[in-house]
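Enquirer: 3D model of this:
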Amino acid sequence: MKTVWVLEDNEGCLDIYKDILADDYHVELIRDVAGLFEMTKTHSAPDLLISDIMLPDGKFVNHLNDYRQIHPDTPIIIVSGLDDYSTIRHFFTEGVIDYLTKPFRPSELLVKAERALDLKTKLGGATLGIDGKNVLVDGITMDNLTTKQIQILSLFLQSSDRRVQKDVLLKSVWGNTTVHPKALDVHIYHLRRKLEDYGLQIKSSGPGEWQLLSRYVAQTPR
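Expert: Coordinates of the predicted model:
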């Protein structure tokens, strides 16, 4: 059973999360940022993190990169009463997989959780997906990808048009760590070479932007 961590301080909301998710997932309820980081010391990474923004000991946005340094591969869904454009845009820029505003419908949360836990996309005749830490192409495991390459690939799969900008990749994969200007280009180059054996390619789709494509499918229009 896959594990979902829920970071939320409202007891009523925690009960709702448990009612919605507990039948399908192992759910851990966490009430503050300190509790989140305590969990990282005693538990392995969850398959999904669902988090509110405003917590008793701080805003989650201020701790997102610190969490990513510990569990870089965890998909994150933000659930908040804040629905302004700048907040939502900021979190997507930071690489969260989805954003849900309160109050939400139970079915909507379930669908978004399922999508986050089953990152798959159809590219030409191939089905490409990430199941936990394994990258699968038509059910065949790719076992030659590094952790960074899996992180980069997951960001392409999270994007609806499979396009990702350079600043999003850098922020999501390395956080606030300063890296060589060409580090991302090198990782993209090696990932591209490995994907070619499966009929997949990563192409530049504009300044500072790449797109994941099948060699047999035309580029997705904007």
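Enquirer: C-alpha only now, for contacts and for neighbours.
Expert: Fine.
Enquirer: What about the residue nearest to T40 when sequence neighbours are not counted, how many residues nearby?
Expert: Computed as C-alpha to C-alpha, 6 or more residues apart in numbering, the closest residue to T40 that is not its neighbour in sequence is I70, at 7.4 Å. Number of residues near I70 (other C-alpha atoms under 10 Å) recorded here: 13.
Enquirer: Might one say that I70 is in contact with K41?
Expert: No: I70 lies out of contact with K41 (C-alpha atoms under 8 Å); the separation is 9.4 Å.
Enquirer: circling back to that earlier point, roughly how far does the residue nearest to T40 sit from Q211?
Expert: For I70, the distance to Q211 equals 27 Å [C-alpha to C-alpha, to the nearest Å].
Enquirer: Would you mind giving the secondary structure of the nearest residue in space to V137 that is not next to it in sequence?
Expert: Distances taken as C-alpha to C-alpha, 6+ apart place L128 nearest to V137, at 4.6 Å, with adjacent residues excluded. Following DSSP: H, G, I helix; E, B strand; the rest coil, the label given to L128 is strand.
Enquirer: After the longest helix seen in the chain, which helix or strand is next?
Expert: Across the chain, the longest stretch assigned as helix under DSSP state H is helix 183-196. Going down the chain from helix 183-196, the next helix or strand is strand 200-206, by DSSP states H and E.
Enquirer: buried set for the next helix or strand after that next one?
Expert: Following strand 200-206 in sequence order, the next helix or strand is strand 209-214 (DSSP H and E). Going by neighbour count (16 or more other C-alpha atoms under 10 Å), the buried part of strand 209-214 is 210-214.
Enquirer: Would you mind measuring from L157 to L213?
Expert: L157 is 11 Å from L213, by C-alpha to C-alpha.
Enquirer: for stretch 46-66, which positions count as buried?
Expert: For stretch 46-66, by 16+ other C-alpha under 10 Å, it's 46-55, 60-61, 64-65.
Enquirer: out of those residues, which are inside helices?
Expert: 64-65.
Enquirer: could you dump the buried residues of stretch 46-66 to CSV with distance to E28 and pLDDT?
Expert: Output for the buried residues of stretch 46-66, formatted as CSV (distance: C-alpha to C-alpha, whole Å; pLDDT from 0 to 100):
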residue, distance to E28, pLDDT
P46, 9, 91
D47, 11, 87
L48, 11, 92
L49, 10, 95
I50, 10, 97
S51, 12, 97
D52, 14, 96
I53, 17, 95
M54, 19, 95
L55, 16, 95
F60, 17, 94
V61, 20, 90
L64, 18, 90
N65, 21, 85
